[in-house]
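*Asks:* Here is a sequence together with a model predicted from it:
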Amino acid sequence: MVSFSPGNKALLNTATPQIQVALKDEASGIDPDSVVLKVNRAAVEVPFDAQQGGVTYTPASLLKEGSNSITFDARDKTNNVAATLVWSFTIDTQAPAGSVVINNGDASTTSAAVKLTLA
């Protein structure tokens, strides 16, 4: 396995990220039937693209907020198994919420002595 994305421990603001793994085996080539991609422990259908040298998967439904894990396995045509690739990324699509209250609800103040309430 040459590379993968999104990166390990990446923080993403989309719930349908494109997941990619690039593979290379110059001797016998990758066995396309051996490619297994799991998203949060569930196997997903993903074909191996020999011309591009990898797999690309975009979830059809939204992934969960928070940490998501990816597991990838493959072997070459002579049955040499690559080490399992495992990584995770975090999805955070919820914007933070908060408020500032000035002097118990005043619209503004010109005083240097001010009471701010932050939430």
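*Replies:* That came in fine, so what should we check first? Numbering: from 1, shown residues only.
*Asks:* Which parts of this protein are strands?
*Replies:* Along the chain, counting by DSSP state E, strands occupy 3-5, 10-12, 19-22, 36-39, 42-44, 54-57, 66-73, 85-91, 100-102, 116-118.
*Asks:* now these in TSV, with mean pLDDT, mean neighbour count and distance to Thr110?
*Replies:* (C-beta placed from N, C-alpha, C; glycine too.) Shown next, in TSV, are the strands of the chain (pLDDT from 0 to 100; neighbours: other Cβ atoms under 10 Å; distance: least, Cβ to Cβ, whole Å):
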stretch	mean pLDDT	mean neighbour count	distance to Thr110
strand 3-5	97	15	52
strand 10-12	98	13	40
strand 19-22	98	19	54
strand 36-39	98	17	55
strand 42-44	97	11	59
strand 54-57	97	19	57
strand 66-73	98	16	44
strand 85-91	98	16	43
strand 100-102	90	11	11
strand 116-118	90	9	15
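*Asks:* Make CSV from those and add distance to Ile30 to it.
*Replies:* What follows is these, written out as CSV (distance: least, Cβ to Cβ, whole Å):
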stretch, distance to Ile30
strand 3-5, 14
strand 10-12, 25
strand 19-22, 11
strand 36-39, 12
strand 42-44, 18
strand 54-57, 9
strand 66-73, 11
strand 85-91, 13
strand 100-102, 56
strand 116-118, 54
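*Asks:* Point out the one among those that comes closest to Asn79.
*Replies:* Among these, strand 66-73 comes nearest to Asn79, with 12.9 Å by Cβ to Cβ.
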